[in-house]
Structures are given as C-alpha cells and as structure tokens.
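Novice: Sequence plus predicted model, see below.
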Amino acid sequence: MLDGGTQVMAQWSIERKVLAGFGLTVAALVAIGVVLTGTTLNLIGANAAAARTQQGLLALERIYSVTREAESRQRAYLLLGGADDAAARQAAVQRVQSLLEELSGHVVADETVRARLPALTQHLTTRMALLDAVIDARRRDGPEAAMRQLAASPGHDEMRQVQELVTAMEADLGQRLAHRQAAAQTAAARALALLGLLLVLVAAALVALYARIRRDARERQDSEERLRAVVETAGEGIITIDAAGRVGSFNPAAERLFGYRADEVVGRNVNMLMPEPDRSAHDGYLQRYLASGVPHVIGTGAQVTGLRRDGTPVPLHLAVTEMRLGTQRLFTGILHDLTEQRAAQQRQDELIDDLRNVNEELRSFAYVVSHDLKAPLRGIGSLADWLVSDYTDKLDDQGREYLALMKGRVTRMDALIDGILEYSRVGRVQQPPVEVDLNALVTDVLQMLAPPPQMAVHVEGPLPTVVGERVRLQQVFQNLISNAIRHRDQPKGQVWVSCRDAGDDWQFSIADDGPGIEPRHHERIFQLFQVLTPRDRKESTGVGLALVKKIIETHGGRVWVESQPGQGSTFHFTLPKQRPLTEGVPTP
C-alpha cells in the first residue's frame, strides 16, 4: 500500500509544474500582446502618414484642377461676359486658397514639399492677380482691350511654373508615400515574424513542459511502485496517519501484526490499535504536539504496547517521523514486534540467574575445598612428617620410599587444591585495574623463583607499563617462566622474555630452549588438568597454563604457543595498550 504522504508530494510537484506552464503561457501572451501593440501603433502611424501624403497629393491635384477651372471661367467671361462665369471664377479663386491651406496641413512632415509650398503659393497668387487684372480690363475697357491685355500677360508662364511645381511636389509626395508604405509593410512583416517566433517558442516550451510532466509522471509511477513494493514487503509494520489521527496507510506487515485488514483500519483513528489508557490519551498527545511542538514519541524511538484484533497485547518498538507538505502534516510509524526479543530477554535473565546460582555454588565449593579438604590433608602431611622423624630407622628401604611417595602426593594434592581455588576465583570478582610496570613485576617474579645457576633468564629490552591487576599478571609471568625452568631436559638452559608493538596490543613472548611440544598438543595444554609429562616423572597439577589462558582472556588478550619437538617452545600472549582505569578486571 503506497504511503499517502508520497502521493500528496507527487501531486503537489505536478501541480507546481502545471502552474509553471500556466505562468509561462501567460508571460508569452503578455509578450505577444506587447509586440502586437507596438506593431499596431507603428502601423497606425505609418498608415496615418501615408493617408496625409495621399491627402496632400489629392490637394495638389485639386489645386491644379481648380486653377485650370478658374482660367476657363475667365475665358468664358471674356467672350460672353456672363455673370455666372464671373461668380464661378471667383469661387474657384477662393477654393484655391482653401486648398493651399489644406495642403500646408498635410505636408507638415514632408520638408521637401513644404519647401516648395511658398513658391507654389506665390505663383498661384500671381496667376490669380493676372486673371483679376484681365477681368477688370473687360469690365472697364471692353472685350477687345481685355483680350489684348490677356495676350500680353505672362499668365502662361506663371501657369507653366505652377504646373512644374505641382508635378515636382506630386513626385516628392509619391516617393514619400511609396517609402512609407514600404516601411509599414516591412514593420508588419517583422511583427508577423516576431509573433510567429514567439508562438513557436511558446509552443516548444509547452511541448517540453508537457514532455517533462509526462516523464515526471512516469518516474513518479515507477517510484510509487518501488516504494509500494518496499512498504508491502517490509518486515516491520508501517502505518501513516494525518494530523487528526486518521490512518492513511496500513501495510501487510501491520495487517499480520494486528490481525486487521487494511480496509478495516484506513480512515479510522489509530487509537483503535492501542490498549487503555494509551487509547484515550493518544489524541491528547497528538494535539499537544501540534500546538506546542514538544514531541511525545515523534522523532524518537519508544517501547509501547499495541492491541491485536483478538484483544491480546503485543509489545512493540515504535519509531515515528513527521512529514510536512505545505500546510498538511503526516506522521509515519514503523513498528517492530518485540515478542521474541522479550522472550529472549526472559531466557537470558533466567540464564543469568542460573549462572548466579552456579557462582554461588562455586563459592561454596571453594570454601569447602579451602577448609574441609585442606584440613585433613594437612593432618596426613603432619602424620607423614612424624613417621619420617620417628620411624625412619625402623623402616626398610621400601618403607622409606613409600613414606617419601606419600609426602610427594600430599604436596601435589595441596598444590592442586590451590590451583583449583585460583582458577575458580578468576572472573568472579571485579577490582579496578591499575598501571603495572612490567619491568618491576618481572624482576619480582625472578627474585621469587630464584632460578638455579645453570638456568639463565634474559629480559630483552624494556617492558611496557600496562593496565591490569598486578597479582594476576604476576601469576602469568610466574607460571610461564617456572614452566620453562621446570621442564628443561638439559643440565643447562635459557629463557628469553621479550615484548613487541603489535598495533593496538603489546605482544609478549617467553621462549626457552627446552624439549619442545608437538603441534597436536598446542591447544590441549591450555585445558584444565592436562599434562604432557607423567606425574611420576614431573610434579604438575595441569592448572598453570589453564590459569594463564583465563587471566589473559579476562584482560582482553589471547595466548598461544609455537613449538616443535627438540626446538624449544615460545609462549605468546597479548595485552591491550589502551584500557580505562575505571574498567574492572577479575580478581579473587
């Protein structure tokens, strides 16, 4: 079952991309609007300028036409003398003046045409004045005089000048109109190209955004499938709730843990999975956390009790995490069944109790050995001493041999009991360790052992200072060195004591040139009561090396031997370099 929080997160991500696409579209439309507005304003300006130019051309044509009409009306008046012709001629003159003013307004932006306008006005004024003079002569002197004055008048030259100016101005305005129309068409073409480019870019961006959304959707679907597989195959129960405590997801492990199907739990309050009083208190915990931010179990792990469908409680370890999606808050709980762990803990507690009882019995055994066994043994030893002192002269050689054998057995039994006591005490009581100078310790051991003159013991180089229990470390060196001395097979012998740096440990070696040990016995000699030499040849309890092994291991090290028959033996053991002084070490 997919986590509800993941679904919301994925949906929110897609919504953001859709909003981004909408924003891009709006921005593109705004840009298109700006471009269209600018283009429209440019076109309007260009069209307005073209319209003014066209109006100027039309005004020029009308000026020339009206001027020609005024000349025609003049000739008609000269020939016929009609009042209508005179009035029409006068109206044409006034119309020319009006058209000149209109032309002046249309060619304000055309410098070349505007520069020719005063000359045109001057020639038209002169032409109109000449027409007026001829008409006045007709009224005053008659038709013949008016015709003579007309023939002598420079009116034809003035009209030719007017025609040339009008033609030149029309050419200028036509050229300017063509230029403005071409500029307007170019601006329109550029605007359309830019508009098309913007549309293509917007379309490409939308297509890319759509492809990205499709890809994200596929990736989200793949991620959801993977997450669903992880959640559904997880060994721990996984439950998601919202801020109101309603269950949003309930994976198969949770179904097995509580005995409910997911559809029986999803949408209901999670406190249905809790026994009292947690069921009643849970909503309060959640609301206080939402209000204050102070967690009860959120962000930490806690051991809680769940309630199965059949009403049986189940011990659980609960880890809760919070996820924020905008204003929405979701909580995911991971539940681990502690039933087997509790049972294992109970079994461990029972074993510890049994071990404690065994230790108590061992202490009682040590007390019995120390008092009840050694007391009669001391009596036997005293009796043997009394017999030797009082009856030696009355016994034959065999009797004296039996007495000596009895005293040896008593001595060996006493040493065996002492060894068993020492072995049983190692590891039973803890005592704070101290710093031990092994140079001084080995010197004390050699003074106590007092090796015979034919046995040389060499201490190679300075030995380090270690942390441990001095008496136990002294027993280690004493047992190993005394074994090397006691088991030599030649009249003379040598023992070497050395140490080397082994990284985190110190490695100590005690070597001898004795008879050596077969490899098949290298492990056996560290077992309790194991001896290699028959007891009638060498007195040995079989406890010494077992005691060494136990002491070294309780100090955090290890011990082993390297040896071949006839090549001597080297016993190695390690001790940690770093060991806190507050850590207890076994001591009797």
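Specialist: Cool, got the structure.
Novice: ok, residue 563 - contacts?
Specialist: By Cβ atoms under 8 Å, 6 or more residues apart in numbering, residue 563 lies in contact with 516-519, 522, 569-570. Just so you know, the C-beta spots here come from the backbone N, C-alpha and C atoms, and that holds for glycine as well.
Novice: If we use 6 Å, what do you get?
Specialist: 516-517, 569 (Cβ atoms under 6 Å, 6 or more residues apart in numbering).
Novice: and what of residue 314?
Specialist: When contacts are counted by Cβ under 6 Å, 6+ apart, residue 314 touches 306, 308.
Novice: What count of nearby residues applies to residue 200?
Specialist: Look at residue 200: counted by other Cβ atoms under 10 Å, it has 10 neighbours.
Novice: Is it inside a helix or a strand, and which specific one?
Specialist: Assigned by DSSP states H and E, residue 200 falls within helix 155-233.
Novice: right, and the helix or strand after that helix?
Specialist: Assigned by DSSP H and E, the successor of helix 155-233 is strand 237-242.
Novice: Give me the buried positions along the strand ranked longest in the chain.
Specialist: Secondary structure assigned by DSSP state E gives strand 313-325 as the longest strand of the chain. Neighbour-count burial for strand 313-325, with 16 or more other Cβ atoms under 10 Å as criterion, is recorded at 314-316, 318-320, 323.
Novice: Show me which of the residues you listed is closest to residue 376.
Specialist: residue 315 (55.9 Å; Cβ to Cβ).
Novice: Could you check the pLDDT of that closest one?
Specialist: pLDDT for residue 315: 92.
Novice: how many neighbours does the residue nearest to residue 522 when sequence neighbours are not counted have?
Specialist: Excluding the flanking residues, the one nearest residue 522 by Cβ to Cβ, 6 or more residues apart in numbering is residue 561, at 5.2 Å. Taking other Cβ under 10 Å as the criterion, the count of residues near residue 561 is 19.
Novice: Residue 561 contacts residue 571, correct?
Specialist: Yes. If you go by Cβ atoms under 6 Å, residue 561 and residue 571 touch, sitting 5.2 Å apart.
Novice: what separates residue 576 from residue 550, distance-wise?
Specialist: Per Cβ to Cβ, to the nearest Å, residue 576 is found 16 Å from residue 550.
Novice: could you point out where the stretch 401-550 of the chain is predicted with low confidence?
Specialist: 412-431, 528-542 (pLDDT under 70).
Novice: residue ranges for the strands of it, please.
Specialist: For the stretch 401-550 of the chain, applying DSSP state E, counting those that start in this stretch gives strands covering 429-431, 434-437, 455-459, 465-468, 493-502, 505-512.
Novice: okay, those strands in CSV with mean neighbour count and distance to residue 544 next?
Specialist: Shown next, in CSV, are the strands of the stretch 401-550 of the chain (neighbours: other Cβ atoms under 10 Å; distance: least, Cβ to Cβ, whole Å):
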stretch, mean neighbour count, distance to residue 544
strand 429-431, 13, 21
strand 434-437, 14, 20
strand 455-459, 15, 17
strand 465-468, 20, 19
strand 493-502, 17, 15
strand 505-512, 20, 13
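Novice: Let me have those in a markdown table, extended by distance to residue 291.
Specialist: Supplementary listing: the strands of the stretch 401-550 of the chain in a markdown table, determined by distance: least, Cβ to Cβ, whole Å:
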| stretch | distance to residue 291 |
| --- | --- |
| strand 429-431 | 50 |
| strand 434-437 | 56 |
| strand 455-459 | 74 |
| strand 465-468 | 54 |
| strand 493-502 | 60 |
| strand 505-512 | 57 |
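Novice: domains of the chain?
Specialist: 4-210, 234-337, 344-418, 430-587 (automatic domain parsing).
Novice: and those domains, which one's lowest on average pLDDT?
Specialist: Taking the mean pLDDT of the domains of the chain, domain 4-210 comes last: a mean of 68.
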